[in-house]
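S.K.: Based on what follows, work out the 3D shape:
(one chain, ligands or ions: 3)
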Amino acid sequence: ALRKAFLTRQICAIESDIEMPRGNTRSLRITCVPLLDRDGEVREILSVTRDFTGRRQAERAIRASEQKFRRLIEQSAAGVVIGDADGKVELVNSRGCELLGLSEAELLGRRCDEVLAPAEGEPALDDPGSLQPGRDLRFERRLQRPDGSIFPAEISINVLDSGAQQLTFQDITARYRQEQKAERQRRIQAMTSSINAAIVRLRNRGELLEETCRTAVDEGKFCVAWVGLIDEDGELELAAQSGLGESGDELLGEPLELVAGGASENAIFLRQPMFDNDVTRAADTTPMRACATRSGAGSVISLPLVVEGETRGVIVLYAFELGFFEDEEVSLLGELAEDISFGLEFIAKEERVDYLAYYDTMTGLPNRSLFFNRLSRQLQDAQDKSRRTVLAVFDIDRFRMINDTYGRHEGDAVIAEVAQRLRDTVDEADTVARITSNTFAIALSDDWDAADIGHRLEELDEVLFAAAFRIGDEDVRVTATTGAAVFPDDARTPEELLGNAEAALRSAKSRSERCLLYSREMNERVAESLRFENRVRVAAENGELQMWYQPKVCSRSGRLRGLEALMRWKDPETGKILSPEKFIPVMEHTGCILEAGRWALRQVASDCLRWQERGVIPPRVAVNVSPIQLAQQNLVGSLVEAQIVANDAGTAIDLEITESVIMDDVDGIIPKLRTLASVGTRIHVDDFGTGYSSLAYIARLPIDALKIDRSFVSDLTPASEGLSIVRTIISLAKAMKLQVIAEGVETEEQVRLLRDLECDELQGFHIGRPLPPEETFAVIASLSGDLEKRA
Ligand code: C2E
Ligand code: CA
Ligand code: CA
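M.R.: Ligands and ions are numbered 1, 2, ... in the order given. Okay, here's the model as predicted:
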């Protein structure tokens, strides 16, 4: 420096690290200043030495740390940009350059906020807020490279006290994709669980599919969801949709166009989920797809709905995202489609069960339960409109005969034909049903005038039954009996209305009328008879029954030859003794005649025993049996038991069986009568003459006596026609060696006539009325004369 200053005559400085004797190095600056004389010659050189070891060291440290910092930044996996206090890029690492697609030179000096600006048209993923010193900002946004490609970035900005900023940013595409995928799956799962809840809750196919589509759009965040079901003609019909808007609703129930080889078609025929992860590129599209793409759809999946092994339809989901459907999504949605299929299967099964529960399978008409439901609604409606409803029920007459004559198959065909004619006749508003095997019901709502009802029913009968029915290869006339009741005149509830119409039907049948309208008295009678029925039912159990006895005497000697046991009921409500004519038919109807009949036999036996104990030998006692008892196997058993007791009392029990009953089932009854005869029972044919018995049969039966019916006896006078009938009966009986008993003898003249005709025994009020056991005892004693004999 000294030399240079001397030679150049200029100030020269030199900086140098000088090794000092004590071993440490010092940074010195020596400045040499030449001082010139007047001639310009160097006169003197002034040298100033300054020690700046400290500053040097500091500078070096800074440089080292700067390098270290650069190295660190360089090594960072993240892009780093350092901005100066003005927000201009001062430093950028190579990762930063790579991520941003710009060179270091291009970046330096640019504004930081411009470099990390959100991609055009892309929303910032997160609002960065405002920059403040000491605050670390962290946010995500999509960034765009000059080549147009976009990537999601996580950015953090750190503002230093100096005002410089450090921006760190990372490409989070992988994480972002991962998160998106998780989010997509979460959406699918949420939607699946809502749809599964709907499957459990909803019992209607339409509602379930609607709810499914709605949930797919609302919760699953799908762009469009629709379900198509395959109809009977094999066409796919839109069953539900969401996301297509109103124009989609207009398509409901319409056949859908399937593109050959398209996703839905393949899903249906291959029975596999089919997806297209970019619908925007598809060349030819269905109207549905066009509509979905307009709504922003990116990808689509079609999932087959397989019910009971058959593809019944397809559910189609459009996602906004491109490439939505990856393995996991497809398999989750596949499971969802299976769940929906299960729901559909369940509904189909339930519908079948409902069908069986509410429809008559033979005719397809509603059955009684469904009829009730509909009738209730119809009556409500009639009430609102102040209208009448006529409920008519009708039975095909002698339907059993049709079945028996032509076979069940033809019987069913008649029923089906009636159902068809009924369907052809009725208005939409009329409710029709088959309520029992042979009973149909029809409820007609109208502005009825009471007078019209009869006409309308006649018309209905005409329409349904005027034309002959083709049975086998015959044309057969079928008739029906109708009973009807009117709402609100006759009844206020469906049950009552149907009950009354049925009561009218029963009445019509018993009166052999073609059609009968219900009347109030009829109902009261029915109610009364039901009440009576119940009282009769418990009569035997309550010990309200008694056996009375009417004597039979020898026509010549007038001596007691037997008793007829006649049942009585002392009605506890009135205290009156009721005739069996009133209650026996009820007992037969309800079946409690069996119990009462067994009781009668026991009672007769025990009465005999008592009389015997009191010193008389009772005559034979004839007990009446009804046809139902005869049909029962255990009549024989009951009679044998009673017979043994009666034998102990020195007497026997006989049976009176009505002529018609014997003739109804000759073959069935013969063995029974034989058994009864074998234990000493005599069989009397009761009410003889009324049943047109074949005498050939009578001859074959083990019968002991004929009882001439009261009707012939009561008008027996010397001049009457009855006389010749009675004469014929008696002579026939004699020819067959049968005893003859005349019942209902009321006059002395009848006694005389019958005696002249050689009738063996007489019975009737003139001889003696039926009496309770106590008084019977006295009669036996006096008529048989046994007491006197013993005395
Ligand atoms: P049924 O066997 O013809 O009995 C004779 C009926 O004629 C009895 O009526 C009797 O009281 C009545 N009678 C007797 N003599 C005369 C007479 O001179 N003039 C008139 N007008 N009637 C006379 P009852 O006791 O009212 O019995 C009616 C029917 O009830 C009986 O007709 C019989 O078929 C049935 N019955 C009575 N008791 C029993 C029984 O224990 N079991 C069953 N299964 N049926 C019985
Ligand atoms: Ca009798
Ligand atoms: Ca009789």
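S.K.: For the protein, what lies in contact range of ligand 3?
M.R.: Applying C-beta under 5 Å from the ion, we find that the chain lies next to ligand 3 at 686-687, 743. (Each C-beta comes from the backbone N, C-alpha and C, glycine too.)
S.K.: Which of those fall in helices?
M.R.: Using DSSP state H, the subset of the residues of the chain next to ligand 3 located in helices is empty.
S.K.: Out of the residues you listed, list just those in strands.
M.R.: Counting by DSSP state E, the part of those found in strands is 686-687.
S.K.: Run through the residues of the chain next to ligand 3 and flag the ones next to ligand 1.
M.R.: Counting by C-beta under 6 Å from any ligand atom, 686-687, 743 from the residues of the chain next to ligand 3 sit close to ligand 1.
S.K.: Lowest pLDDT pick from the residues of the chain next to ligand 3?
M.R.: Checked by pLDDT, the residues of the chain next to ligand 3 have D687 as the lowest-scoring entry (88).
S.K.: Count the residues that sit near that one.
M.R.: 20 (other C-beta atoms under 10 Å).
S.K.: residues in contact with it?
M.R.: Contact analysis of D687 by C-beta atoms under 8 Å, 6 or more residues apart in numbering lists 658-660, 707, 709-710.
S.K.: Filter the residues you listed down to the ones in helices?
M.R.: The helices, defined by DSSP H, take in 659-660, 710 from those.
S.K.: want to throw the ones next to ligand 1 among the residues of the chain next to ligand 3 into TSV with distance to ligand 2?
M.R.: Formatted as TSV, these follow (distance: C-beta to the ion, whole Å):
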residue	distance to ligand 2
D686	4
D687	7
E743	7
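S.K.: interface residues of this structure facing ligand 2?
M.R.: Residues of the chain lying near ligand 2 by C-beta under 5 Å from the ion: 624, 656, 686.
S.K.: and of these, the nearest to L332?
M.R.: Taking C-beta to C-beta as the measure, L332 sits nearest to N624 out of the residues of the chain next to ligand 2, at 82.6 Å.
S.K.: For the residue lying closest to that closest one once chain neighbours are set aside, pull up the helix or strand it's in.
M.R.: Ranked by C-beta to C-beta, 6 or more residues apart in numbering and with sequence neighbours excluded, the top spatial neighbour of N624 is E656, at 4.7 Å. According to DSSP states H and E, E656 maps onto strand 653-658.
S.K.: coming back round to it: for the residue nearest to N624, give me its contacts.
M.R.: Contacts for E656 (C-beta under 8 Å, 6+ apart) come out as 564, 622-625, 684, 686, 707.
S.K.: hmm, 6 Å instead?
M.R.: Neighbour list for E656: 622, 624, 684, 686 [criterion: C-beta atoms under 6 Å, 6 or more residues apart in numbering].
S.K.: Let's see if you can find the most crowded of those residues.
M.R.: A622 (28 neighbours).
S.K.: partner residues bridging it?
M.R.: In this entry, A622 is beta-bridged to E564, D654, by DSSP bridges.
S.K.: What's the mean pLDDT across stretch 578-585?
M.R.: The pLDDT scores in stretch 578-585 average 91.
S.K.: Show residues contacting it.
M.R.: Defining contact as C-beta under 6 Å, 6+ apart, one finds that stretch 578-585 is touched by 536, 567, 569, 571.
S.K.: check which helix or strand covers the second one.
M.R.: Secondary structure here is read from DSSP H and E; on that basis M567 sits in strand 560-570.
S.K.: Just checking the distance from the helix or strand that that strand is followed by to the centre of its chain.
M.R.: Next in sequence after strand 560-570, counting helices and strands by DSSP H and E, comes strand 577-578. Here the centre of strand 577-578 is set off from its chain's centre by 53 Å, with C-alpha atoms, centre = their mean, to the nearest Å.
S.K.: mind listing the helices for the stretch 351-500 of the chain?
M.R.: Here the stretch 351-500 of the chain has its helices, by DSSP state H, counting those that start in this stretch, at 368-384, 399-406, 408-425, 450-465, 494-510.
S.K.: In the stretch 101-250 of the chain, mark out all the helices, start to finish.
M.R.: In the stretch 101-250 of the chain, the helices defined using DSSP H, counting those that start in this stretch lie at 104-107, 112-115, 173-201, 205-218, 246-251.
S.K.: What are the buried residues along the second one?
M.R.: Right, helix 112-115. Neighbour counts using 16 or more other C-beta atoms under 10 Å place 112, 115 of helix 112-115 among the buried residues.
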